[in-house]
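Trainee: how would this look folded up:
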Amino acid sequence: MRHLLSALLIGFLTATMAFPPQVLMAQEAAAPAVESKLPGLNYVPENAVGVGFVQADRFLTNPMVKAYPVEVAEAFGKKYLGLNPMNITSITIVITPPTPDFPTPDMFSIIETTDTLNEETFFAGIEALVDGMAEPEEIKEFFPGLKGKAFYTDAYEFDYLAAHMLDEHTFMLGSMELMGDIVAQGPNAELTQPAQTLAAANDGADGFIAFNMAPVRDQLNGMLSQQQIPPPFTMYKQVPNYTESITLSCHCTEKMAATLKINGVDEAAAGRLDDMIRFALDMAKQTMLSEADKMVNSEDEVEAAMGRYQVRVSDSMIDALRPKQEGTSLVLSFEQNDESIMGANVAVIGVLIALLLPAVQAARSAARRVRSTNNLKQIGLAMHNFHDTFGGLPAQAKTDAQGKPLLSWRVMLLPFLEQNAMFDQFRMDEPWDSEHNKQFIQRMPEVYRRPNSKAPEGYTTYLVPVGKNTVFQPDSKPTPEGQKFTTGSGFRYITDGLSNTAMCVEVNDDAAVIWTKPSDLEVNLMNVWNHLGEAQPNGFNGLFCDGSVRFFSKNADDDTLKNWFQRNDGKPLQPLD
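Mentor: Numbering: from 1, shown residues only. Down below sits the predicted model:
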């Protein structure tokens, strides 16, 4: 039960110390009547880097809220906090910049409620929910004027939290040390610049948040000066110097609208910021169209359709995110109407595509790699069954009585891949390109096609390594007339061990061969990566003689491949990355 109550407390603290994540984009419209003055504005310090407010009563009285367990929230608040959370009318948020003694931003909020607060019951039950209460000595040192409680919770790990009554309808909640200093200084005689920003923004919006650059400009410049940013993006190092503030105003109840403003230090600075945003959007468009072009040419019809969609909406998507300059400000506004909803939806979908497409492509790539791994495992199992049957692996080529290569090992393996019917139709005494045997080129079993291969139909990229000291060392041993199979090396000749030696490999598409043709990877120990490394993103799969399949990264060194290809060099295979 305590865990549930703690969760409710964390939800309350989060809701009252942070701007709600309901950011709905629409176009600025006529504002409703201005509501009462925001509470506690004269406690907002001059160095506030972030300020904001939310008209909580508009959300809490929304009919949709009735679908939530309001009764639980009310009972919880009255029992542990001494107030009904559903009667909160407004929340003002203040964020202060990092300091040498406190290297992370700090924050507090000022909350107004229609309840009448009583110092005896205010947060009186909080001890049952939190991880610890502040000692009287700590309160005396950091917040001697506290009218409320100070406590520690994992929901806020940086400092003790304090709940402090300002008057019978207003209280503060936030960092104990920060609030102690704010209250000790007393209310400001005149509103600070951040407080004036909030007061001016209270024009009927449901929520507002502003980021003030001045208090952190030097810190940001110091951080950016240490970053290595390649041209032409070095211009973005000047963003803190050109920016005065960033504001976001939201309407979420009577209408759906939002206005984002990037305010420059002067009109010229706003123009430079506009140039930077346009450059970034143009770069994004070029990247999107480049990726879309690749997708349009995909053999996957769904991926190709997605590419066509991106090409079609690219202009609308970018235009929906392009702000307009109004004096010293860059303004991006949306309001709920048919046209803006379409634009906003296009922009949102575009962002989602940009975020999700790499993940989708990575998942598709991973799935194809798994399918290719399974193909190699089936080939490996068939090789072992062939060996068990004939006392050796299939030779690299089925030969005639004079030792002339006729057909690939892939044909001889068909009976062990559940392809007996096709195998029986081959004329084993004719070459792969005879009039009769050519008919089978287009009927290549799926097990021989790598899923992501772009090779022509009937071509395979699963090849055995051929060369001196490989398992499939060239052997023109004649096959007696009438015998269907030509056998090659046996496992007993693999003195390096089955788990250290190559049996089959994925090659690049440019090295693909007709599957029935007795052609494979000619291993060149002086150029061991020839035709390898592009079968999968960043590498290729390799089948070992023990039937296992492992991935070889492009980062694998030459010696690793040399040792893997040779069956009797006496050198152990190094661990793969």
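
Trainee: Just the buried residues of the helix or strand containing Val72, please?
Mentor: Using DSSP states H and E, Val72 maps to helix 70-76. Under the neighbour-count criterion of 16 or more other Cβ atoms under 10 Å, helix 70-76 has Ala73, Phe76 buried. Backbone N, C-alpha and C define where each C-beta goes, glycine included.

Trainee: And the helix or strand following that helix, what does it pack against?
Mentor: Sequence order places strand 88-96 as the next helix or strand after helix 70-76, per DSSP H and E. The contact analysis (3 or more Cβ pairs under 8 Å, 6 or more residues apart in numbering; DSSP states H and E) places strand 88-96 against helix 2-17, strand 50-54, helix 56-60, strand 106-113.

Trainee: any idea which of the ones you listed scores lowest on pLDDT?
Mentor: In terms of average pLDDT, helix 2-17 trails the rest of these, at a mean of 51.

Trainee: who's in contact with the residue sitting furthest away from the middle of the chain?
Mentor: In the chain, Glu481 marks the outermost C-alpha relative to the chain mean, sitting 61.3 Å out by Cα atoms, centre = their mean. Counting by Cβ atoms under 8 Å, 6 or more residues apart in numbering, Glu481 makes contact with Asp400, Ala401, Asp429.

Trainee: Residue ranges in the stretch 51-200 of the chain under the pLDDT threshold?
Mentor: Across the stretch 51-200 of the chain, residues meeting the criterion (pLDDT under 70) sit at 101-103, 155-158.

Trainee: can I assume Arg278 is in contact with Arg322?
Mentor: Yes - if you go by Cβ atoms under 8 Å, Arg278 and Arg322 touch, sitting 6.9 Å apart.

Trainee: Low-confidence ranges, the chain, go.
Mentor: 1-36, 101-103, 155-158, 336-367, 475-476, 574-577.

Trainee: Just list whatever residues bridge to the nearest residue to Asp159 once chain neighbours are set aside.
Mentor: Leaving out its chain neighbours, the residue that sits closest to Asp159 by Cβ to Cβ, 6 or more residues apart in numbering is Ser175, at 4.6 Å. Applying DSSP bridges to Ser175 gives these bridge partners: Leu161.

Trainee: Tell me the spacing between Ser175 and Thr96.
Mentor: In this structure, Ser175 and Thr96 are 9 Å apart, going by Cβ to Cβ, to the nearest Å.

Trainee: can you check Phe440 too?
Mentor: Distance of Phe440 to Thr96, given as Cβ to Cβ: 76 Å.

Trainee: What of Lys377?
Mentor: 60 Å.

Trainee: neighbour count winner among the two?
Mentor: Between Lys377 and Thr96, Thr96 has the larger neighbour count (other Cβ atoms under 10 Å), namely 22 against 16.

Trainee: intersection of neighbour lists for Ser175 and Thr96?
Mentor: Asp106, Met107.

Trainee: any idea which element the residue nearest to Met295 when sequence neighbours are not counted lies in?
Mentor: Nearest non-adjacent residue to Met295, counting by Cβ to Cβ, 6+ apart: Gly307, 2.9 Å away. In this structure, Gly307 is located in helix 301-319 according to DSSP H and E.

Trainee: need the contact list for the closest residue to Met412 other than its chain neighbours.
Mentor: Using Cβ to Cβ, 6+ apart and skipping the chain neighbours, the partner closest in space to Met412 is Pro394 (4.4 Å). In this structure, Pro394 makes contact with Met383, Phe386, Trp409, Met412, Leu413, Phe485, Thr486, Thr487, Gly488, judged by Cβ under 8 Å, 6+ apart.

Trainee: Give me the distance between the two termini of stretch 187-195.
Mentor: Using Cα to Cα, to the nearest Å, the end-to-end distance of stretch 187-195 comes to 12 Å.

Trainee: Report how many residues lie close to Met179.
Mentor: Neighbours of Met179 (other Cβ under 10 Å): 31.

Trainee: Does it touch Met172 like I think?
Mentor: Yes - because the distance of 5.6 Å satisfies Cβ under 8 Å, Met179 is recorded as touching Met172.

Trainee: Residues that sit against both of these two, list them.
Mentor: Common contact partners of Met179 and Met172 (Cβ under 8 Å, 6+ apart): Phe108, Ala162, His164.

Trainee: Highest neighbour count among the contacts of Pro394?
Mentor: The contacts of Pro394, ranked by neighbours (other Cβ under 10 Å): first place Thr486, 28 neighbours.

Trainee: Name the nearest residue to Ser519, sequence neighbours excluded.
Mentor: Take Ser519 and drop its neighbours on the chain: the residue closest to it by Cβ to Cβ, 6+ apart is Val513, 4.3 Å away.

Trainee: How many neighbouring residues does the one you found have?
Mentor: Neighbour tally, Val513, other Cβ under 10 Å: 20.

Trainee: distance between the helix holding Gly307 and the chain's centre?
Mentor: 21 Å (Cα atoms, centre = their mean, to the nearest Å).

Trainee: which residues sit against the very next helix or strand once past that helix?
Mentor: Scanning forward in sequence from helix 301-319 by DSSP H and E, the next helix or strand is strand 324-326. The contact list for strand 324-326 (Cβ under 8 Å, 6+ apart) reads Ala270, Gly271, Asp274, Leu330, Val331, Leu332.

Trainee: chain center to the helix or strand following strand 324-326, what's the gap?
Mentor: Using DSSP H and E, the helix or strand that follows strand 324-326 in sequence is strand 329-335. On the basis of Cα atoms, centre = their mean, strand 329-335 sits 28 Å off its chain's mean C-alpha point.

Trainee: For strand 329-335, list the C-alpha coordinates in CSV.
Mentor: Presented in CSV, the C-alpha positions along strand 329-335 are these (Å, rounded to 0.1, in the frame of the first residue of the first chain):
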residue,chain,number,x,y,z
SER,A,329,11.1,37.2,-32.9
LEU,A,330,10.7,34.0,-35.0
VAL,A,331,7.1,32.8,-34.6
LEU,A,332,5.8,29.3,-35.3
SER,A,333,2.0,29.2,-34.7
PHE,A,334,-0.7,26.6,-35.2
GLU,A,335,-4.4,26.7,-34.6
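
Trainee: Next up, the contacts around Asp569.
Mentor: With Cβ under 8 Å, 6+ apart, Asp569 has these contacts: Asn469, Asp496, Lys562, Asn563.

Trainee: Asn437 too?
Mentor: Counting by Cβ under 8 Å, 6+ apart, Asn437 has contacts Leu407, Phe426, Arg427, Glu430, Pro431, Thr516.

Trainee: Can you flag the buried ones in the residues you listed?
Mentor: Among those, the ones that count as buried by 16+ other Cβ under 10 Å are Leu407, Phe426, Pro431, Thr516.

Trainee: CA atoms of the helix or strand containing Glu138 as CSV?
Mentor: Following DSSP H and E, one finds Glu138 within helix 136-142. What follows is helix 136-142 as a C-alpha-only set of coordinates in CSV (Å, rounded to 0.1, in the frame of the first residue of the first chain):
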residue,chain,number,x,y,z
PRO,A,136,15.2,20.5,12.8
GLU,A,137,18.8,21.6,12.7
GLU,A,138,18.8,21.4,8.9
ILE,A,139,15.6,23.3,8.7
LYS,A,140,17.0,26.0,11.0
GLU,A,141,20.1,26.3,8.9
PHE,A,142,18.5,26.4,5.4
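
Trainee: residues making contact with that helix?
Mentor: Leu146, Ala150, Tyr160, Met176, Glu177, Gly180.

Trainee: from what I can see the fifth one touches Ala150, true?
Mentor: When you say that, I think you mean Glu177. No - the pair Glu177 / Ala150 is not scored as a contact, 9.9 Å apart, by Cβ under 8 Å.
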